[in-house]
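Student: Next one to model:
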Amino acid sequence: MVASSECAYDMSGFAISVKLARCNLPPHTIVRGPGTLQGVMFIEQVMEHAAAVLGRDAATVKAANFLPAITTNITPCSMYTMHGSVGRLCLGSESALSRQHQQPPQQQTVPLENDGIASVPATAAQQLAVFADDRVARAANSSSIANATATVTAADGEQQKAAAGVRTVLGRFIAAEDYTLPQLWAELLDKSDYNTRLGAVQQYNRDHAWSKRGIAVTPVRFECSPAAVSAALSVYYDGSVLVTHGGIEMGQGLSTKVQQAAVAALSRLLPEDQRPLPLSAVRLAASSSDIVPNNGPTWSSTGSEGCCQAVMVAAAKLVAQLAPHLRVGGDGWATWQATIAAVHPDLGFQPATVMLSAYGSFDGTLGNTADKQPVHYSAFGAAVSEVELDVLTGERRVLATHIMYDCGYSLNPAIDLGQVEGAFVMGLGVVLSEEVTVDDTTGQHLSNSTWTYKIPTPDLIPQQFSVSFLANAPNRTGIMSSKASGEPALMNATSVLMALQQAAAAAVEEVQGLADGSFCGAVVNKGASDEHWRVLPAPATPQRLKGIIGQFSIADALEAALKGPL
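Tutor: You can find the predicted model right below:
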């Protein structure tokens, strides 16, 4: 969870201490993204709180704190201090702060300016208010981050060019061409018409006392490393192919992607104008450890990639064995059948003259023997969600969600689209309804059925729901230039929780106004502020939302209104 809390932000001045505690409750069962979603929710709370104190739009504050594509040296600073001229948040335990940029090499140009450090005012609100509009605006549109790759002269060579990029506080290096977050963030804000909708939400909250809305946008960075896996391919005399892989199909489309990968790899035997083979030529056997043993786990949404690579390795061996016996026919399937017939004629018990079975394995690396590199990459995404909250009952609705996701070159866009949508809805359960409860005295599990444990229902699905993939963004270090699609997208549900938190802050302001004798439109709501900001833990159930908003008497409010001027 601690490792995941850095998400896509520059955490070089952030200090986190972890304390373990023994509890008297049974542990929760790991389902998906254990610890990752919790870490993302944690850092998003920090960013949302900072924005509330500043009185700034949270999306702008978040973009200003993305990983910088420059080399910096930062020492920890006092809690909630801002880098004055760029609006970058620095969280730590020490009182001293320094930030210097290393001088770029000769003839190397980097679009940056001297930050400078503003003096730190006395109060936390004043500290955070030291914010430069012009620099934050540039960070908000992300162009300065996206274009921060250094221009390197030819004398500097390819080694320095490859080194241009960003590095997380935990040491994870991401090359500039793989750091797609600024681009997809900007595209998401544009396609979702975020700024217009933000203004509409603020106006809605000014016009409505008993119903409040919130809108939030959150980023995703998820680390992916496919596990080792093996596969076996066998070709029969009729040309049919049987594939056995070491992954587990559990509805995520793994077998469909493997079938496609097998067809693509085997089709290399054919002339280009006859490719590919029909999908019907390949069938899949059930995964079985007596055929392909010693496989890694199918997890982290990377099982499909590993299995595809293992199948392609095995297919390449078959293609190499069949190439000397190629017989060209009228189309791809005729060529394939003729080639197989040349080495395995259908004549009684006559055996094949070449080996028509092959094993392939993926060991977690790609490249030739001398230069193998582990497959490890970051999957990026972002989501903007708009919600509506009933102040009286705590009921909530997700009005709209727009997701932008970097899937690399998708192995199967239809499957990956469904994986992103499904992961998001699974995340909705975590942030909205799925609450584990126990008896305070006995520790007995109380949420042990669908009567007490609520999975997402149709009324929680966004009324407007769209998912877009970032175009022309191949994963240079991935298998077939693809990226995982399921588990990373789970984190996008955090946008709904943050939007509800903003709506709750608007409701708190309204309720406090009622307590002061104001009524309905008399309270001019500007959105979340530090005074009304509240931490909204997941799941954001109606009961929890009501607890945050606070208790008030409608009868007293009506009586106060009737006594006021008409």
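
Student: is it fair to say Ser230 lies in a strand?
Tutor: Yes: the assignment for Ser230 (DSSP: H, G, I helix; E, B strand; the rest coil) places it in a strand.

Student: per-residue pLDDT, it?
Tutor: Looking at Ser230, its pLDDT reads 95.

Student: how much space between it and Leu254?
Tutor: Distance, Ser230 to Leu254, using Cβ to Cβ, to the nearest Å: 14 Å. Backbone N, C-alpha and C define where each C-beta goes, glycine included.

Student: Report the residue spans of this structure with pLDDT below the cut-off.
Tutor: 70-163, 348, 513-530, 551-558, 560-561, 564-566 (pLDDT under 70).

Student: and with 50 instead?
Tutor: 71-162, 517-528 (pLDDT under 50).

Student: Thr477: neighbour count?
Tutor: Counted with other Cβ atoms under 10 Å, the neighbours of Thr477 add up to 18.

Student: Contacts only, for it.
Tutor: Neighbouring residues of Thr477 by Cβ atoms under 8 Å, 6 or more residues apart in numbering: Asp178, Leu366, Gln373, Val375, His376, Tyr377.

Student: need the contact list for Val211.
Tutor: Quick fix: residue 211 reads Ser, not Val. Tyr204, Glu388, Leu389, Asp390, Val391 are the contacts of Ser211 under Cβ under 8 Å, 6+ apart.

Student: Of those residues, which is the nearest to Ala358?
Tutor: Glu388 (57.1 Å; Cβ to Cβ).

Student: from the contacts of Ser211, which ones fall inside strands?
Tutor: Glu388, Leu389, Asp390 (DSSP state E).

Student: Top of those by number of neighbours, please.
Tutor: Leu389 (28 neighbours).

Student: I'd assumed Leu500 was in contact with that one.
Tutor: Yes: assessed by Cβ atoms under 8 Å, Leu389 is found in contact with Leu500 at 6.4 Å.

Student: okay, and the common contacts of these two?
Tutor: Joint contacts of Leu389 and Leu500 (Cβ under 8 Å, 6+ apart) are Gly214, Arg396, Leu545.

Student: Just give me the closest of those to Val235.
Tutor: Arg396 (55.8 Å).

Student: what about the closest one, distance to Tyr405?
Tutor: 24 Å.

Student: more neighbours, those two?
Tutor: Tyr405 (29 against 25).

Student: partner residues bridging the more buried one?
Tutor: Gly381, Phe469 (DSSP bridges).

Student: quick one: contacts for it?
Tutor: Here Tyr405 is in contact with 184, 220, 379-381, 420, 467-470, 485, 488-489, 492 (criterion: Cβ under 8 Å, 6+ apart).

Student: rerun that using 10 Å as the cut-off
Tutor: 180, 184, 188, 220, 379-383, 416-417, 419-420, 423-424, 467-470, 483, 485, 488-489, 492 (Cβ atoms under 10 Å, 6 or more residues apart in numbering).

Student: Next, the buried residues of the helix or strand Glu305 falls within.
Tutor: Counting by DSSP states H and E, the element that carries Glu305 is helix 303-322. The neighbour-count check on helix 303-322 (16 or more other Cβ atoms under 10 Å) flags 303-315, 317-319, 321-322 as buried.

Student: and Leu266, that one's in a helix?
Tutor: Yes: membership of Leu266 in a helix is supported by three-state DSSP.

Student: Now do Ala286: how many residues are near it, please.
Tutor: 8.

Student: Same check on the one 4 residues further on?
Tutor: Other residues within reach of Asp290, judged by other Cβ under 10 Å, total 6.

Student: any idea how far Glu177 is from it?
Tutor: Asp290 is 43 Å from Glu177, by Cβ to Cβ.

Student: for Gly253, same thing?
Tutor: In terms of Cβ to Cβ, Gly253 sits 28 Å off from Glu177.

Student: Pick out whichever of these two has more residues nearby.
Tutor: Gly253 (20 against 14).

Student: what about the nearest residue to that one once chain neighbours are set aside, which helix or strand?
Tutor: Residue nearest to Gly253 in three dimensions, not counting chain neighbours: Ile415, with 3.6 Å by Cβ to Cβ, 6 or more residues apart in numbering. Following DSSP H and E, one finds Ile415 within helix 413-428.
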